[in-house]
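Colleague: need a 3D model of the sequence below.
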Amino acid sequence: GGLELGMEVGTERLKACQTCGVLDAPLRCPCKAAFSCNTECQRATWKEHRGNCTSHMITKVEKDRQRLGRHNPLLLQAIVDIAGRFFQQDRLSESEEWYLEAEKISVLAAGLLDAATARISANLGDVFRKQGKLDESKKKCKLAVKMFRRLCGNESSEVAGGRNQNSCTP
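Modeller: Numbers count the residues shown, from 1 in each chain. Just a heads-up that it's a prediction; the model follows:
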């Protein structure tokens with residue numbers, strides 16, 4: 001695989017049009033992950049980009065929050081998806097913010113003995129690890145493993161994944 005258009009290389013961001021590949025594309029999506037050289041190219045790839053666009057995802061969640069309430073469990077998966085997308089983009093502070101929101105909703109809805117809550121805690125542990133917050137990472141990873149043990153027993157893949165030194169998640 002080659003370089004993804006718009007991906008970070010070192011501290012420089014390749015500003016290549018996501019449609020035609022022209023470098024130094026002047027238009028940037030508010031999500032900061034996609035560039036276009038003109039509105040025609042932007043429109044041509046919007047349907048593909050929309051599903052991965054954190055800006056679009058956040059707008060949808062905010063509309064749903066107005067309709068359903070801020071901490072409605074129906075928002076949980078969308079919030080986890082946003083957090084995961086930010087993590088993939090190495091936008092760790094935003095990923096942390098959204099995973100913390102997801103954790104709050106999950107705990108309010110299902111409590112600490114829930115697989116979704118355990119996975120969110122594990123994901124937060126990974127975010128903290130990448131941020132260099134090792135004490136916080138260790139706490140979240142231990143909590144996730146403890147939850148998975150109670151839910152699945154000691155031999156589950158989630159517990160084994162939690163023992164991995166490089167990651168909380170399996």
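Colleague: tell me the confidence at the closest residue to residue 53 other than its chain neighbours?
Modeller: The shortest distance from residue 53 to any non-neighbouring residue, by Cβ to Cβ, 6 or more residues apart in numbering, is to residue 31 (4.7 Å). In short, each C-beta sits where N, CA and C put it, glycine included. Per-residue confidence at residue 31 stands at 92 (pLDDT).
Colleague: neighbours of residue 31, how many?
Modeller: 20 (other Cβ atoms under 10 Å).
Colleague: measure it to residue 41 for me?
Modeller: As judged by Cβ to Cβ, to the nearest Å, residue 31 and residue 41 stand 16 Å apart.
Colleague: for residue 129, same thing?
Modeller: Distance from residue 129 to residue 41, counting by Cβ to Cβ: 37 Å.
Colleague: picking that back up, OK, contacts around the residue nearest to residue 53?
Modeller: By Cβ atoms under 8 Å, 6 or more residues apart in numbering, the contact list for residue 31 reads 53-56.
Colleague: ramachandran angles for it?
Modeller: phi -70, psi -10 (degrees, to the nearest 10).
Colleague: thought residue 144 was touching residue 128, still the case?
Modeller: No. Under the criterion of Cβ atoms under 8 Å, residue 128 is not in contact with residue 144, lying 11.6 Å apart.
Colleague: tell me which of the two has more neighbours.
Modeller: Comparing residue 128 with residue 144 by other Cβ under 10 Å, the one with more neighbours is residue 144, at 26 against 22.
Colleague: so the more buried one is in contact with residue 126, correct?
Modeller: No. Between residue 144 and residue 126 there is no contact under Cβ under 8 Å: 9.8 Å.
Colleague: residue 117 versus residue 108, what's the distance?
Modeller: Residue 108 sits at a distance of 10 Å from residue 117 (criterion: Cβ to Cβ).
Colleague: who has more neighbours out of these two?
Modeller: Set residue 108 next to residue 117 and count neighbours by other Cβ under 10 Å: residue 117 wins out with 24 against 13.
Colleague: what's the closest non-adjacent residue to the more buried one?
Modeller: residue 106 (4.3 Å).
Colleague: and the most centrally placed residue in the chain, what element?
Modeller: Taking Cα atoms, centre = their mean, the centroid of the chain lies closest to residue 84, which sits 1.5 Å from it. Assigned by DSSP states H and E, residue 84 belongs to helix 76-88.
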